[in-house]
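Student: Need a 3D model of the following:
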Amino acid sequence: MNCLFRKILSAGLFLSLAFFIALQVDADTLEDQIAEISGELMCPVCEGQSVAESNAQLARDMRAVIKTKLLEGKSKEEIIDYFVSSYGETILASPPPKGFSVILWLLPVLSVLIGAAIILRTIYSYKVEEKK
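Tutor: A predicted model of the protein is given here:
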């Protein structure tokens, strides 16, 4: 009888601990999702700050909306689309690569390629001069 009680008590404690850990992991995941999404949105009233960084009332309200929408089961894309439909594409921390912003996305790659070409040409010209 005493052994059975211990087994039941142990099983109950184990299940309680597992449930508590599952709740903690889920809470961390929700907060992580809020931070991720709010990091991709710029605060409309703060210059140069994302919604995640800003302490403005509007940013706090936007984080609350993000949390509500996540609890409703909305995806990250749906939430971002909601804010884009409300504020326009200027709300995005990194603009989508279309139109003029394609140049902004390609500029770093082109800079690296041009720099590498200049370095290779310089190295090649020194080697040619050394052979003479």
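Student: CA only for contacts and neighbour counts going forward, please
Tutor: Noted.
Student: buried ones in stretch 120-132?
Tutor: Buried residues in stretch 120-132, counted by 16 or more other C-alpha atoms under 10 Å: none are found.
Student: ah, wrong one, I meant stretch 40-55
Tutor: Neighbour-count burial for stretch 40-55 flags 40-44, 49-54 (criterion: 16+ other C-alpha under 10 Å).
Student: how close does Glu130 sit to Glu53?
Tutor: Plainly put, Glu130 is 55 Å away from Glu53 if you go by C-alpha to C-alpha, to the nearest Å.
Student: Return the distance of the residue nearest the centre of the chain relative to Thr122.
Tutor: Among the residues of the chain, the one closest to the centroid is Glu36, at 3.6 Å (C-alpha atoms, centre = their mean). Per C-alpha to C-alpha, Glu36 is found 44 Å from Thr122.
Student: quick one: low-confidence ranges for the protein?
Tutor: Applying pLDDT under 70 to the chain picks out residues 1-28, 96-98, 101, 132.
Student: switch the cut-off to 80
Tutor: Scanning the chain for pLDDT under 80 picks out the ranges 1-28, 95-105, 126-132.
Student: Closest one to Ser111 out of the buried residues of stretch 40-55, please.
Tutor: When these are compared for distance to Ser111 (C-alpha to C-alpha), Glu40 wins out at 25.3 Å.
Student: Let's see which of the buried residues of stretch 40-55 end up in helices.
Tutor: Among these, none falls in helices (DSSP state H).
Student: how about a markdown table for these, with distance to Thr29 added?
Tutor: Compiled in a markdown table, these are given as follows (distance: C-alpha to C-alpha, whole Å):
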| residue | distance to Thr29 |
| --- | --- |
| Glu40 | 17 |
| Leu41 | 19 |
| Met42 | 22 |
| Cys43 | 23 |
| Pro44 | 26 |
| Gln49 | 23 |
| Ser50 | 20 |
| Val51 | 18 |
| Ala52 | 16 |
| Glu53 | 19 |
| Ser54 | 21 |
